[in-house]
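Asks: only geometry, no sequence info:
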């Protein structure tokens with residue numbers, strides 16, 4: 001019955017109203033209309049079924065409204081305990097899981113499971129085990145799970161078309177996880193899922209457009225334009241990691257092309273080039289960072305080149321889309337001091353005209369926030385048409 005009710009709420013107006021109350025609430029109806037541009041009648045129409053289904057609630061009388069002959073206002077708020085949602089971030093090495101309420105606030109501690117078997121069957125089995133660990137206290141009101149995975153994800157179809165770090169192709173992950181857990185499943189690209197969480201609660205609140213770029217194992221990017229996450233006609237909008245930035249052939253990328261940002265600035269690319277520069281086949285990322293900080297000019301040059309590639313990729317995004325700001329996150333920002341000068345220099349040089357004024361905001365986010373993003377897209381799926 002719960003899922004049927006949720007389907008009644010799937011309209012653009014419902015999505016807009018719900019996210020406005022979620023991010024700005026408690027908020028009165030006239031303010032919702034002002035913030036969203038919806039008419040008062042459209043707000044009322046969207047709110048009514050959400051109150052009836054228990055997703056929104058009217059709070060005690062607030063201050064009197066300016067209009068309406070002094071009628072008292074009834075602020076609307078999300079009823080947080082209406083449902084709970086599981087969010088799982090899948091990496092090549094571990095699963096990170098959280099439970100959130102309807103406001104996407106994490107309930108309890110995050111759980112982690114090491115990935116020892118990267119096969120589809122192994123990861124699905126581990127996701128089911130993680131759900132069993134996370135949900136005992138909220139099982140009766142937990143009906144949805146969001147799963148975020150790096151790579152090319154078809155969210156409407158629930159299919160991971162390509163995940164390079166897992167080695168997956170055309171995996172019907174939503175169907176498999178649904179069968180294993182009994183939950184309704186939303187599968188999304190991990191950077192897009194994190195962007196939804198930032199849109200609702202982080203640097204994106206109140207921004208009509210912004211981009212979120214991630215630096216680390218891969219180089220990812222997602223875009224919000226006119227207040228909506230951009231999926232793209234083929235589901236791969238914002239793939240900054242595969243913008244070609246190297247002159248000539250450039251290094252080969254796992255995608256099959258050459259000279260991609262990711263082929264120069266991903267963790268694997270940096271480590272590979274740093275090993276050659278230092279003539280040390282056992283060097284890892286931490287060791288590469290230490291050598292660069294310690295004054296090893298050859299290894300430092302590897303980070304310089306990576307920073308330049310990232311800056312050129314960010315400039316391409318800003319030139320094409322024109323976001324109000326760019327948020328830079330991901331596990332790679334731990335070494336951001338090694339990238340920053342080159343990122344900003346390349347960005348400023350390549351960004352066209354006033355686009356160079358677009359702020360780059362560095363925002364370190366722990367893996368738990370990525371899992372929260374997965375839960376956020378599950379919440380979003382209730383209301384998005």
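Replies: The structure has been received and is ready for your questions. Quick caveat: nothing in here was measured; it's all calculated off a predicted structure.
Asks: now do the strands in the stretch 1-150 of the chain.
Replies: Secondary structure of the stretch 1-150 of the chain (DSSP state E, counting those that start in this stretch): strands at 56-58, 76-78, 84-90, 94-101, 111-114, 142-149.
Asks: quick one: residue 289 from residue 159, how far?
Replies: Using C-beta to C-beta, to the nearest Å, one obtains 36 Å as the distance from residue 289 to residue 159. C-beta here means a position set from N, CA and C on the backbone, and glycine is covered the same way.
Asks: of the strands of the stretch 1-150 of the chain, flag the one that's most buried.
Replies: Sort these by mean neighbour count, taking mean count of other C-beta atoms under 10 Å, and strand 84-90 sits at the top with a mean of 29.
Asks: who does that one pair up with?
Replies: If you go by DSSP bridges, strand 84-90 pairs up with strand 94-101 (antiparallel), strand 142-149 (parallel).
Asks: just put the ones you listed in JSON lines and tack on mean pLDDT and distance to residue 113.
Replies: Putting those into JSON lines (pLDDT from 0 to 100; distance: least, C-beta to C-beta, whole Å) gives the following:
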{"stretch": "strand 94-101", "mean pLDDT": "96", "distance to residue 113": "5"}
{"stretch": "strand 142-149", "mean pLDDT": "96", "distance to residue 113": "13"}
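Asks: enumerate the beta-bridge partners assigned to the closest residue in space to residue 106 that isn't next to it in sequence.
Replies: Using C-beta to C-beta, 6 or more residues apart in numbering and skipping the chain neighbours, the partner closest in space to residue 106 is residue 98 (4.9 Å). For residue 98, the beta-bridge partners are residue 87 (DSSP bridges).
Asks: got the residue ranges for the helices in the stretch 201-350 of the chain?
Replies: Taking DSSP state H, counting those that start in this stretch, the helices of the stretch 201-350 of the chain run over residues 261-265, 267-278, 285-293, 297-321, 336-350.
Asks: most packed of those helices?
Replies: When you average the neighbours per residue for each of the helices of the stretch 201-350 of the chain (mean count of other C-beta under 10 Å), helix 261-265 leads with a mean of 28.
Asks: please state the offset of it from the chain centre?
Replies: Here the centre of helix 261-265 is set off from its chain's centre by 20 Å, with C-alpha atoms, centre = their mean, to the nearest Å.
Asks: then stretch 34-42?
Replies: For stretch 34-42, the distance to the chain centre is 27 Å (C-alpha atoms, centre = their mean).
Asks: got the buried residues for that stretch?
Replies: Buried residues in stretch 34-42, counting neighbours by 16 or more other C-beta atoms under 10 Å, are found at 35, 36, 38, 42.
Asks: returning to that earlier point: out of the strands of the stretch 1-150 of the chain, nearest to residue 375?
Replies: Closest approach to residue 375 among the strands of the stretch 1-150 of the chain is made by strand 84-90 (2.9 Å; C-beta to C-beta).
Asks: returning to that earlier point: show me what contacts the residue nearest to residue 106?
Replies: Counting by C-beta atoms under 8 Å, 6 or more residues apart in numbering, residue 98 makes contact with 86, 87, 106, 107, 108, 110, 111, 134, 368, 371, 372, 375.
Asks: which pLDDT value goes with residue 258?
Replies: Residue 258 carries a pLDDT value of 90.
Asks: with residue 194 instead?
Replies: For residue 194, pLDDT reads 94.
Asks: coming back round to it: what is the nearest of the buried residues of stretch 34-42 to residue 382?
Replies: residue 36 (17.9 Å).
Asks: I figured the closest one hits residue 16, correct?
Replies: Yes - with contact defined as C-beta atoms under 8 Å, residue 36 reaches residue 16; the gap is 5.1 Å.
Asks: burial check on residue 197, number of neighbours?
Replies: Using other C-beta atoms under 10 Å, residue 197 has 25 neighbouring residues.
Asks: off-centre distance for stretch 341-351?
Replies: Mean-position distance between stretch 341-351 and its chain equals 24 Å (C-alpha atoms, centre = their mean).
Asks: ok, now which ones touch the residue lying closest to residue 220 once chain neighbours are set aside?
Replies: Leaving aside its sequence neighbours, residue 220 sits nearest to residue 191 (C-beta to C-beta, 6+ apart; 3.6 Å). Counting by C-beta under 8 Å, 6+ apart, residue 191 touches 150, 212, 214, 220, 221, 222, 238.
Asks: could I get the residues you listed as JSON lines with pLDDT, neighbour count and distance to residue 354?
Replies: Below are the contacts of residue 191 laid out as JSON lines (pLDDT from 0 to 100; neighbours: other C-beta atoms under 10 Å; distance: C-beta to C-beta, whole Å):
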{"residue": "150", "pLDDT": "91", "neighbour count": "24", "distance to residue 354": "33"}
{"residue": "212", "pLDDT": "95", "neighbour count": "33", "distance to residue 354": "21"}
{"residue": "214", "pLDDT": "93", "neighbour count": "26", "distance to residue 354": "26"}
{"residue": "220", "pLDDT": "90", "neighbour count": "26", "distance to residue 354": "26"}
{"residue": "221", "pLDDT": "94", "neighbour count": "27", "distance to residue 354": "21"}
{"residue": "222", "pLDDT": "94", "neighbour count": "28", "distance to residue 354": "23"}
{"residue": "238", "pLDDT": "87", "neighbour count": "24", "distance to residue 354": "22"}
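Asks: from these, which land in strands?
Replies: Using DSSP state E, the members of the contacts of residue 191 that fall in strands are 212, 214, 220, 221, 222.
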